[in-house]
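1. Fold the following and give me the result.
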Amino acid sequence: MTAALRGRRREWRVTAGPPATPADRQAARRAQQSLANELPLARKAAQAWSHGLAGLFVGLLGFSLIKGRTDVSKLATPYAVGVAVALALSLLCGASGAYCLLRAAHGAPRLIRLPASAGLLDADDHLETLRTVGALRRGVGLTLACGAALVGAVGLTWYGPVQDDPRLLVRTPSGSFCGEDPRVADGRLTLRTDTGETTLDLTKALSLTAVDTCPAAAGTGE
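-> Below is the predicted model of the structure:
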């Protein structure tokens with residue numbers, strides 16, 4: 001029985017199908033036209049997006065040039081680092097987005113080999129269309145991310161708190177005093193402390209020290 005089954009061969013025959021109807025022929029023509037036009041349409045859409053995003057960035061550039069704080073070094077340390085990170089992210093996203101948009105609008109710089117048949121040519125155009133649409137989507141997303149990072153950097157530059165000025169700690173026989181905005185006149189030192197302005201006699205000062213923050217007990221004279 002096994003030998004008999006092994007001896008059998010299944011034969012496949014290919015026969016012509018039913019004749020195409022007018023609707024089938026019309027659908028085939030539409031599909032062929034769509035394949036022929038999809039790559040030029042995708043490239044045209046990419047160019048339109050590129051022009052639109054370029055106009056958006058012209059507006060963002062004018063927004064960033066509005067007068068605000070120009071010296072980033074005066075920002076408090078976390079905010080200054082945030083500005084640097086936002087600018088670096090904006091540059092990276094902007095460069096990547098520009099490349100993707102150029103890739104979508106004009107294609108990749110590669111050598112195109114002619115296929116063996118028209119069917120392979122249509123298939124290659126379709127694959128290139130898919131790559132073009134993918135590059136366009138990535139370019140739009142990266143460009144918008146670049147704009148958001150740029151706006152964030154400008155916002156931090158404008159509204160971030162500045163670094164606190166160094167404080168001056170003065171030790172005297174009667175206690176320690178700490179404050180900012182020191183002023184000297186006639187041998188006397190005036191400091192602005194948390195409790196108000198304090199005037200000290202410099203001839204009685206034991207030490208003068210610049211500190212970032214005032215000790216808790218300083219400025220009370222205790």
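2. what's residue 14 sitting at in phi/psi?
-> Dihedral pair for residue 14: phi -100, psi 120, per degrees, to the nearest 10.
3. Where does pLDDT dip in this protein?
-> By pLDDT under 70, the low-scoring segments of the chain are 1-9, 24-29, 31-36, 63-71, 110-122, 164-165, 212, 217-222.
4. and the biggest strand by length in it, which strands flank it?
-> In the chain, assigned by DSSP state E, the strand with the most residues is strand 175-185. With DSSP bridges as the test, strand 175-185 is paired with strand 167-172 (antiparallel), strand 188-193 (antiparallel).
5. how's the protein carved up into domains?
-> Per the record, the chain has its domains at 31-159, 167-211, by automatic domain parsing.
6. export those to CSV and tack on mean neighbour count and distance to residue 17?
-> Every C-beta, even on glycine, is put in place using the N, C-alpha and C of the backbone. Shown next, in CSV, are these (neighbours: other C-beta atoms under 10 Å; distance: least, C-beta to C-beta, whole Å):
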stretch, mean neighbour count, distance to residue 17
domain 31-159, 15, 18
domain 167-211, 14, 91
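7. As TSV, the ones you listed with distance to residue 13 would be great.
-> Shown next, in TSV, are these (distance: least, C-beta to C-beta, whole Å):
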stretch	distance to residue 13
domain 31-159	25
domain 167-211	96
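8. And those: which comes nearest residue 21?
-> Taking C-beta to C-beta, domain 31-159 is the member of the domains of the chain nearest to residue 21, at 15.0 Å.
9. Okay, helices next: where are they in the chain?
-> Counting by DSSP state H, the chain has helices at residues 2-7, 22-64, 77-106, 118-159.
10. Quick one: these as CSV, columns for distance to residue 177 too.
-> Shown next, in CSV, are the helices of the chain (distance: least, C-beta to C-beta, whole Å):
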stretch, distance to residue 177
helix 2-7, 107
helix 22-64, 44
helix 77-106, 27
helix 118-159, 33
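11. To residue 200, which of those lies closest?
-> Of all the helices of the chain, helix 77-106 sits nearest to residue 200, with 30.7 Å by C-beta to C-beta.
12. I'd like to know which elements that closest one is packed against.
-> Packed against helix 77-106 by the contact rule (3 or more C-beta pairs under 8 Å, 6 or more residues apart in numbering; DSSP states H and E) you find helix 22-64, helix 118-159.
13. tell me the angle of it relative to helix 118-159?
-> On the basis of axes from the mean of the first three to the mean of the last three C-alpha atoms, to 10 degrees, helix 77-106 is oriented at 160 degrees to helix 118-159.
14. Go through the domains of the chain and name the closest to residue 11.
-> Across these, residue 11 has its closest neighbour in domain 31-159 (28.7 Å, C-beta to C-beta).
15. do you know how far the closest residue to residue 213 other than its chain neighbours is from residue 181?
-> Of all residues not flanking residue 213 in the chain, residue 167 sits nearest, at 6.6 Å (C-beta to C-beta, 6 or more residues apart in numbering). For residue 167, the distance to residue 181 (C-beta to C-beta, to the nearest Å) stands at 10 Å.
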